[in-house]
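K.L.:
have a look; sequence and predicted model below, questions after that.
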Amino acid sequence: MATITPLIPPAQGAVSDDLAASQAALESLLAIRFFEEAVDGLFARGLMHGTMHLSIGQEAVATGVCAALRQTDFITSTHRGHSHCIAKGADLTRMMAELLAKQTGYCRGRGGSMHIADAKTGNLGANGIVAGGIPIATGAALAQKMRDTDSVVVSFFGDGATNEGAFHEALNLASVWNLPVVFVCENNKYGMSFSTAKSMKVEKISERAASYAMPGVTVDGNDVDAVFDAAKVAVARARSGGGPTLIECVTYRHKGHSKSDKNLYRTKEEIEFWKTKDPVGIFETRLIEKGVLTKSQVDQITEAVRNEIRNAIQEASAAPDSDPAELLSSVFRQVG
Amino acid sequence: MATITPLIPPAQGAVSDDLAASQAALESLLAIRFFEEAVDGLFARGLMHGTMHLSIGQEAVATGVCAALRQTDFITSTHRGHSHCIAKGADLTRMMAELLAKQTGYCRGRGGSMHIADAKTGNLGANGIVAGGIPIATGAALAQKMRDTDSVVVSFFGDGATNEGAFHEALNLASVWNLPVVFVCENNKYGMSFSTAKSMKVEKISERAASYAMPGVTVDGNDVDAVFDAAKVAVARARSGGGPTLIECVTYRHKGHSKSDKNLYRTKEEIEFWKTKDPVGIFETRLIEKGVLTKSQVDQITEAVRNEIRNAIQEASAAPDSDPAELLSSVFRQVG
Amino acid sequence: MSERIITYAEAIREAIGQAMEADPNVFMLGEDIGVYGGAFGVSGDLYHRFGEERVRDTPISEMGIVGAAVGAALVGMKPIVEIQFSDFTAHAMDQIVNQAAKIHFMLGGELSVPMVLRAPSGSGTGAAAQHSQSLETWFAHVPGLKVVMPSSPADAKGLLLSALDDPNPVIVLEHKLLYKTSGHVPPEMYRTPIGVSNKVRDGKDLTIVATGVMVSRSLEAAAQLQALGIDACVIDVRTLSPLDMGPINESVSKTGRLMLVQEAPKHVGFMAEVAARISEGPGIYHLTEPIKRLCGMDVPIPYAPQLEKAVVPQLPDILSAAQDLMRGV
Amino acid sequence: MSERIITYAEAIREAIGQAMEADPNVFMLGEDIGVYGGAFGVSGDLYHRFGEERVRDTPISEMGIVGAAVGAALVGMKPIVEIQFSDFTAHAMDQIVNQAAKIHFMLGGELSVPMVLRAPSGSGTGAAAQHSQSLETWFAHVPGLKVVMPSSPADAKGLLLSALDDPNPVIVLEHKLLYKTSGHVPPEMYRTPIGVSNKVRDGKDLTIVATGVMVSRSLEAAAQLQALGIDACVIDVRTLSPLDMGPINESVSKTGRLMLVQEAPKHVGFMAEVAARISEGPGIYHLTEPIKRLCGMDVPIPYAPQLEKAVVPQLPDILSAAQDLMRGV
Ligand SMILES: Cc1ncc(C[n+]2csc(CCOP(=O)(O)OP(=O)(O)O)c2C)c(N)n1
Ligand SMILES: Cc1ncc(C[n+]2csc(CCOP(=O)(O)OP(=O)(O)O)c2C)c(N)n1
Ligand SMILES: [Mg+2]
Ligand SMILES: [Mg+2]
C-alpha cells in the first residue's frame, strides 16, 4: 500500500493560496510524474509488457479537477488514465502491481494500464476505446439523479475523442436529462499523430458544448489553479442540479503517444516549447513565490513522493503473478 | 413509365417568379402528395404490405432543394424518402412497382419503400437506418472532390437523426475535408413520437453546424421559395469548393410516423394548425396571387399529375411479381 | 391450476412491471417506449404506471442509450434497454461487446454490469433487410454475454425475470412474430432458468432443435409428422449462451437423427455450434444419419412477401426436411 | 525463380502501392496511416509516395470513416479502409453490415460497394481485451460480405489484390503477430483467389484446419508430429466466406480425423461451421474419430502475458490435441 495525501479543495480562493490544498496538489502532480517516469523506465528495461500511454505534461488536469471532487464522486477515465486514477486517490502499489501483471493489481493482471478501475475511490475505469467512457459517465450520472444522491460524475477524455459519435450522443443525453456530470476534455493537441488543427475546424473544443446548450469553457490545462477554478464551478453546478458542463483543458504530452511513437508528426521545437510550460514546475514556482511552501518544503515533499513510488514498485514486484487458474470462473459474476 | 417535368431553377430570383420553374415545382409538390395519398390508400385497402413513412406536409423541402440540383448531383435519402426520390426525378411507375413488390420496381421488390435508389438520377438510396445515409453522402462527396468533378451531394435526414453519432462524425469529416455536400435536416418536430423539445436542448438544429465551423441556416420548410433560396446558396458554395452547409427546414408531417402510429404524442390542434400551413396550398396560392399561373392552369397541372399517378399504379400493378429464383445469385455482384 | 392466457408482449410487460414494483433500481430506457408504448407495444402502459423517469424515452442514439445503461448498471441500477429493432444494436456493439461484456473480467471482478438488453428480432413483417435480421450469433460468440431467445409467452416472462436477477449483461432477443401470440402465463413472479434447454415435445424418431419462432413452427411440424407416423422430439434451446446440450445429447442418443432449425442465415450461424458439439462428442456415435441444418438462406431479408418467406424456413420446409432425414436423403 | 523474402506488412504495402499505381480510384483512409505510417507500420511510406489525398488520415470516427468509404465506393472509387484494431469495427457495424453488405442486393443490383476493409486482428501483444479480439465470426455470418484472413506474406498480397478486384465489400482480417513475419512474395501483381481454401501441407493421418496465425502454428506442430510418426495435413481456410470445403472434404476422406484450430473463442465460432459442414455431409462417414476443436477459451483476452497465452491455442496445445486425436481420446 503506497498512497499520497488525498486532494482537497482550498478553504477558499485558489488551490495555491491554501497550504493543505497546495501540499496535496503538489503530491498529486509529483506522484503522477514519478509514477509514469518509473513505468517508462520499467518498459525501457523490458520489465513491463504491452503498451502504455503516459500523461507526463498533463498532470495539472487530473489534479485540478479531482481537487474539486469528493471520494463519493465518480470518474470515467481513458487509455491515458494513470493521472486520473492517482488524482482520484488510488493505491499506487495496486496500480503498479496491475502494470506488472500481478494478482494483487487492481484488475488482477487482467486489464493492465488501459483498464485500471477502483470502485473504492469511484474510478469506474480507464478505457481502451477512445470516447468509450463518455456514455458510461452519462449513465452513472443518470443513476445519481434517479437515486437523488448529491454525487457527481466526471468524464475525462481527449481532443480526438470529441470526433467520435459516442461524444455527441453522450453529451446530448446528459443535456436533455440535465445530469450531474462534468465532461473534461484534455486537449493535448493530438489524437495519436493527428493534430486538432486537422481533425476538427472549431477553434476551441469547448465550442462544441453549444450543440447541447451546455456551458463550455476553455482553460489552461497546465495550471492547477485554472483547472480547479473551472472544475469547482462545473461540479457545483452539477451537484446543485444545474446540469452538465464541458471543460476543455489545453495541455500537451511530453512523451510519445505510446511506446511505438517516433514523433514524426510534431517538431522538437514544439515539444521543447511545451516543456517550458511544465505544469509541475509552474505550480512549484508559484507556491514558492506566493510563500505557501519554501523550496526545502517542496524538496521534502518531492523526496517523500519519490519514496512512495519506490515502495509501490517494491511491494508490487514482490507480489505473486496473475493466476491463470481463475480465468474461466471470472467471466461472469456468480448469480445471487 | 410515368414522370413529371424535371425540376429546374428559376432563371433568376425566386422559384415562384419563374413560370417554368414554378410549373415544375408545382408538379413535384403534387406528385409527391398524390403518390403518397395513393400509397396510403393502397395500404389501407391491404394492397401493399410492410410499413411506410409518408412525407405529406413536407413536400416543399425535397422540391425546393432538388430545384437547386442537377441530374448529375447526388442525394442520400431516408426511410421517409418518397419526396426526395420524386423530386430528384425518379420514374413514378418504378417507384410504385417497388412498393407493390414487383420485379420491375427500383429494387426488384427486394427493398420496398425504405430502400428505393435510382442511379440514373443520382439517388444513392433511401435508408432504413436513421442517419445511415449521412456518412455515405460524405463519402460520395469525397469522391467528387478527389475526382475533381463539379457535382455536389445532398444528404436528407430528420431532426431525430441529428442525435445519432453518425450525424456528428459525418459532418465533422465533411468539414475537415471541405467537401461539396449539403446537409438538409427536415425538422418535422418529432422523431417518431419524441419531440425535438425533448430530444435536444438547442433552439435551432442549425446551431449544431457550429461544432464543425460550418454555415448553418434555418428556413421555413413549407415554403418552396425559402427552401430553394437556402439550397441555392449552399449548393453554389459546395460546387465552388466552399465546403459543406447545414440547412434546417422546419416542417411537419400530417400523417402518423408510420402505419402503427396512434398519434398519442401530439394534439389534434397541433396537426390542424400545421395543415393550415400546407406547403402545396401555400405555393399554389402564391403562384396565382403573383399571376404566374391562373387557377385553371393550376387545375390542369393538378389533373395531369393525378393522371400520371394513375398510370403509375396501373403500369406497376400489371408488372410481374418479384422473382424468388434470383435470390441467391443477387447477393454479390459478379466479379470482373 | 386454471390457465391464464396472455400474449408474449403482455407477458414481457408483466415481468417488467413486477420487477419495477419489486426493485426501485429497475428502470427502462429506449426509443418511443413512453407515451407511444413501444414500436411493438411492449412497454404499453408502463409509462403511465411508473412515470417518465423509470420508463425513459430517449433520443435516437443507440450507442449512447446502451452506454448510459452500462454506466447506470455499473453503479448499481438495473436498466432494461429496449433497442427498437435488433438490427440497430449494430450501432451499440462497442458498448455491448467492448464494455458491458468485458468490464467484470477486464476490470478485475469488483464491478459488474447487470444490464438487460431487449430487442425485437427476425423477419416476417415486410420491413426488409435492415429491420429483419437475426443476429443472435454475434452475441452468443462474445464471452461475457448471456443470450436468451424466448419462444413462448411463459418463457418470455420467466427468462426476463431471470435476466433481471442476473448480475451480468443479458441479451434478450424477442421475435416480432411472437408478440401477438398467446399462451398460459402464471401471474406470480416465477423464473425460467438461464442456461437450461427445454424439451418441448418428446419423440423417438428424430430430434429437432430450434430457436425463436422456429420452435412453434417445429412443434406444428412435429404434430403433422405424427400423423405420418414420424415421432419427433422438439428441443427449444432457449439460452444460446451458456448453451445446455444435456437434453439434446440425451434425445439424439435415442433418435440418432438430428435436425437443426434456425431463422438466421446458415453460414457460421448458431446451429453450427450445436452440430459441432455433437460431432466432437459421444453424440456423433449415436447418429444414424448426417445432421441436417435447416436455416435461413445466406441472403439479406427481402421486402417482397413471397421472397421474404422463401429465405427463411417455413412449415412445409420443416416437414419435408424431416421426412428427408427419416428417409436418409 | 529466386526467392524474394519480405514481411507480411511489406507485402500488404506493396499490394496497396501497386493497386494505387494501376488504378487512380484506389485510395486509403484510416487513423494515423499518414505520416505516422499506421499503428502497425503497414502504410509506411505510402503517404509520401501518394500524398495525403490518397493516403488519407482521418479523425477518430470509425463509423464515419467506413461510411465515407461506402459512399465513395458507391460512386465508383475503390477505398481501402484501415481500422486501427479490428475491435473498433464494433463502432462501424451499421455501415459494414446494414449498409455495405446489403446495398447491392437490397437496392436491386444497380449499385454495389467495392470497399476493402482491413483490420489487425488477434491477441499476443499484451494489449488486453479491447485490442485483441478475433471477430471473424461476426463478418462471416453476414450475407453480402466476403471475409479473408491471410496467413502468409504471399497470401496477404494476393488476397488483397483480389479484394481490390472484387466489386463487393471484402473484410481483410490481418494478424498482428504476422506483420513482422517474412516469406517469399512475387514482385508482380498476382492474385490469390478469394473463396479457395489452401492445402499448405499434405498428410495421411489427420487433417488440421486452421485460420490466421494458427496456420503457421499448425504447420510447426505438423513438422514436430512428423518426428513422432504422425503425418498431418494442414489446410488454411484463407477465405471464411464464401467457404471452400473442397480440400477439407478431400483430406478428411483420406485421414478420417479432423482437428479445427482457431484463435477466436470456441462458442459459436467460425470452426463450428466447418464441423457442421462435415457432420451434415458425406464427410461424416469418413470420420474415424469425433471432430476435435481447439479454440480460444470463452473469455476476454487478458493482459498478463502468461494469461494471454493460456487463453489461445499454443504450439504445445496443438501437439497434444493432435496426439490425443490419434490416440482416440
Ligand atoms: C474507438 C477507438 N479508435 C481508435 C483507437 C486507437 N487510439 C488509441 S488512443 C488514440 C488517440 C486518442 O486521442 P485523444 O482522444 O486526443 O487522447 P490522447 O491519446 O491524446 O490522450 C487512438 C486513435 C482506440 N483505442 N479506440
Ligand atoms: C438507427 C435507427 N434507430 C431507430 C430507428 C427507428 N426509427 C425509424 S424512423 C425513426 C424516427 C426518425 O426521426 P427523424 O430523424 O426526425 O425522421 P422522421 O421520421 O421524423 O422523418 C425511428 C426512431 C431506425 N430506423 N434506425
Ligand atoms: Mg489528444
Ligand atoms: Mg422528425
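P.N.:
Yep, that arrived. Ligands and ions are numbered 1, 2, ... in the order given.
K.L.:
from here on, contacts and neighbour counts on C-alpha atoms
P.N.:
Will do.
K.L.:
how about the residues of chain A by chain D?
P.N.:
A:49-51, A:101-102, A:109-112, A:128-130, A:160-161, A:163-165, A:191-194, A:198-200, A:260-265, A:322-324, A:327-328, A:331 (C-alpha under 8 Å from any C-alpha of the partner chain).
K.L.:
can you select the buried ones from those in ChimeraX?
P.N.:
A single ChimeraX command is used to select the members of these judged buried by 16 or more other C-alpha atoms under 10 Å in any protein chain shown:
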select /A:49,50,51,101,102,109,110,111,112,128,129,130,160,161,163,164,165,191,192,193,194,199,200,263,322,323,324,327,331
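K.L.:
ok, and of the residues of chain A next to chain D, which contact chain C?
P.N.:
A:109-111, A:129, A:331.
K.L.:
which of the residues you listed lies closest to ligand 3?
P.N.:
Nearest to ligand 3 among those: A:Ile129, at 13.4 Å, using C-alpha to the ion.
K.L.:
so that closest one: helix, strand or coil?
P.N.:
When classified by DSSP: H, G, I helix; E, B strand; the rest coil, A:Ile129 comes out as coil.
K.L.:
that one reaches D:Ala129, doesn't it?
P.N.:
No. With contacts counted by C-alpha atoms under 8 Å, A:Ile129 stays clear of D:Ala129, the gap being 10.5 Å.
K.L.:
how about the closest residue to A:Ala101 other than its chain neighbours, what does it touch?
P.N.:
In this structure, A:Ala101 finds its nearest non-sequential neighbour in A:Gly109, 4.0 Å apart by C-alpha to C-alpha, 6 or more residues apart in numbering or on different chains. For A:Gly109, the contact set (C-alpha atoms under 8 Å, 6 or more residues apart in numbering or on different chains) comprises A:97-103, A:321-322, C:108, D:302-304.
K.L.:
now do the phi/psi pair for C:Ile6.
P.N.:
Main-chain dihedrals, C:Ile6, degrees, to the nearest 10: phi -130, psi 170.
K.L.:
just to be sure, A:Arg286 is in a helix?
P.N.:
Yes. Using three-state DSSP, the assignment for A:Arg286 is a helix.
K.L.:
coming back round to it: so what's the residue nearest to A:Ala101 scoring on pLDDT?
P.N.:
A:Gly109 is assigned 97 on the pLDDT scale.
K.L.:
I'd guess it is in a helix, am I close?
P.N.:
No. Counting by three-state DSSP, A:Gly109 is not part of a helix but coil.
K.L.:
distance of the residue in chain C that chain B sits nearest to relative to B:Thr51?
P.N.:
Ranked by C-alpha to the nearest C-alpha, the top residue of chain C for proximity to chain B is C:Gly126, at 4.0 Å. Distance of C:Gly126 to B:Thr51, computed by C-alpha to C-alpha, to the nearest Å: 7 Å.
K.L.:
and for A:Met95?
P.N.:
Here the criterion is C-alpha to C-alpha. By it, A:Met95 lies 55 Å from B:Thr51.
K.L.:
can you give me the neighbour number for whatever residue of chain C ends up closest to ligand 3?
P.N.:
Closest approach between chain C and ligand 3, counting by C-alpha to the ion: C:Asp94, at 20.6 Å. Look at C:Asp94: counted by other C-alpha atoms under 10 Å in any protein chain shown, it has 26 neighbours.
K.L.:
quick check: the residue of chain C closest to chain B touching B:Gly50?
P.N.:
Yes. Judged on C-alpha under 8 Å, C:Gly126 makes contact with B:Gly50 at a distance of 4.0 Å.
K.L.:
give me the common contacts of these two.
P.N.:
Residues touching both C:Gly126 and B:Gly50 by C-alpha under 8 Å, 6+ apart: C:Tyr303.
K.L.:
how about low-confidence regions in the stretch 1-150 of chain A?
P.N.:
Within the stretch 1-150 of chain A, not a single segment meets pLDDT under 70.
K.L.:
can you map out the helices along it?
P.N.:
For the stretch 1-150 of chain A, the helices defined by DSSP state H, counting those that start in this stretch cover A:19-44, A:59-66, A:82-87, A:92-99, A:133-147.
K.L.:
what of chain C?
P.N.:
Along chain C, counting by DSSP state H, helices occupy C:8-22, C:46-54, C:62-74, C:93, C:101-106, C:136-140, C:153-165, C:213-227, C:246-255, C:270-279, C:283-286, C:305-311, C:315-327.
K.L.:
which among these is found nearest to A:Gly242?
P.N.:
Closest approach to A:Gly242 among the helices of chain C is made by helix C:46-54 (17.7 Å; C-alpha to C-alpha).
K.L.:
contacts only, for A:Ile129.
P.N.:
For A:Ile129, the contact set (C-alpha under 8 Å, 6+ apart) comprises A:78-79, C:98, D:88, D:130.
K.L.:
contact residues of the stretch 1-150 of chain C facing chain D?
P.N.:
Within the stretch 1-150 of chain C, the residues that sit near chain D (C-alpha under 8 Å from any C-alpha) are C:87-88, C:90-94, C:97-98, C:102, C:105-106, C:128-130, C:137-138, C:140-144.
K.L.:
rerun at 10 Å
P.N.:
Contacts of the stretch 1-150 of chain C with chain D, taken as C-alpha under 10 Å from any C-alpha of the partner chain, map to C:63, C:87-99, C:101-103, C:105-106, C:128-131, C:133, C:135-144.
K.L.:
those strands in the stretch 201-336 of chain A, which residues are they?
P.N.:
A:216-220, A:245-250 (DSSP state E, counting those that start in this stretch).
K.L.:
need those strands in a markdown table (columns: mean pLDDT, mean neighbour count and distance to A:Asp40).
P.N.:
Putting these into a markdown table (pLDDT from 0 to 100; neighbours: other C-alpha atoms under 10 Å in any protein chain shown; distance: least, C-alpha to C-alpha, whole Å) gives the following:
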| stretch | mean pLDDT | mean neighbour count | distance to A:Asp40 |
| --- | --- | --- | --- |
| strand A:216-220 | 98 | 19 | 26 |
| strand A:245-250 | 99 | 27 | 24 |
